[in-house]
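Asker: give me coordinates for this.
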Amino acid sequence: MTIAKSNLVNTFTGYVKDLNSKIKTIKSEIASGQNTLTSDQQATVTSLSATIKSYSTPQASITAAQNTIGVAQKAIASILPIMNQMQRLAAQASDSSIGSADSMNMNFRFQQLFTEIGKLATSAGLNGTNLLSGTSGMNVITGTDKTAASRSFVNSLNIYGMMTMGLLSNIKVDSPTNAQSAMSALQSALAQINNGQAALKLTSTRLATQATKLTGLASDSQKTIDSLQKADVVKLNAQLIQLQNQQAVDYQLISQLDPTAYKTLKLLSLTS
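Answerer: Prediction:
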């Protein structure tokens, strides 16, 4: 065999070996459904995976806050009709023509309703946080950078505090005078509760917006990861056919130039 012919055989043998390596890689990717990543691509996947994981803390914190707000809002929805009943009783008891026995009966019912509100307020907690009993409120993690901008605060609506030390403490309707005072206190308390209810709704909406944003960011990061990792099987099959066709041509050329080299190369290919 001439030197030129030998060099040509070596060149095409190199082509075949390179094609075999590429074909093996593509077959592996088709079988696993995963691309073979470069070191830079793997670094990107690792970084994005860590970013997605970092979103789990604020997402969990927001979910906990939303659940706590939901419990408080449900309790408020039950408390408001009771307070309206108390207002009607106070209005009736403020009539100076009402006898003492009737006033006492009205006050008994009034205090029952008052106690019911207290039970609703004190049982409106979740996981140790009660927005209707106490003044602590609730801290919420809304971002990942651990700055003030990544935190939010849910203000409490301390209805139980109103009942024990505030506007509603010691209210009664056992006399027209006390009933008039109770009406005024209830009106002021209702205004505060309605304002607090609206504030909780706004906070809930704001937290929901942030949760949606975090979900979107996590989804975008995951899509990038998927675009790097997930193999396009249709595209890979097309590439595989192209490589195999090229390989067949190179094998044919080698077999014509050097049948012995061809047999050795095919045997090596089958063994690998």
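Asker: could you list the low-confidence segments of this protein?
Answerer: The chain contains residues with pLDDT under 70 at 1-2, 4-5, 8, 261-262, 265-272.
Asker: center of it, which residue is that?
Answerer: Centroid-nearest residue in the chain, with CA atoms, centre = their mean: residue 59, separated by 3.9 Å.
Asker: wait, that residue sits on residue 213?
Answerer: No - with contact defined as CB atoms under 8 Å, residue 59 does not reach residue 213; the gap is 10.4 Å. For the C-beta atoms, the positions are set from N, CA and C on the backbone; glycine is no exception.
Asker: which strands or helices does the helix or strand residue 255 falls within pack on?
Answerer: Using DSSP states H and E, residue 255 falls within helix 233-257. Using 3 or more CB pairs under 8 Å, 6 or more residues apart in numbering; DSSP states H and E as the contact test, the elements touching helix 233-257 are helix 3-32, helix 259-271.
Asker: what's the first helix or strand after the first one?
Answerer: I take that to be helix 3-32. helix 39-54.
Asker: return the distance of that following helix from the chain's centre.
Answerer: 19 Å (CA atoms, centre = their mean, to the nearest Å).
Asker: then stretch 141-152?
Answerer: For stretch 141-152, the distance to the chain centre is 15 Å (CA atoms, centre = their mean).
Asker: in that stretch, which residues are buried?
Answerer: 141, 142, 143, 144, 152 (16 or more other CB atoms under 10 Å).
Asker: can you tell me what sits against that stretch?
Answerer: Stretch 141-152 has contacts (CB atoms under 8 Å, 6 or more residues apart in numbering) with 54-55, 57-58, 61-62, 65, 139-140, 203, 206-207, 210.
Asker: farthest-apart pair in those, please.
Answerer: Using CB to CB, the contacts of stretch 141-152 span at most 23.2 Å, a distance reached by 54 and 203.
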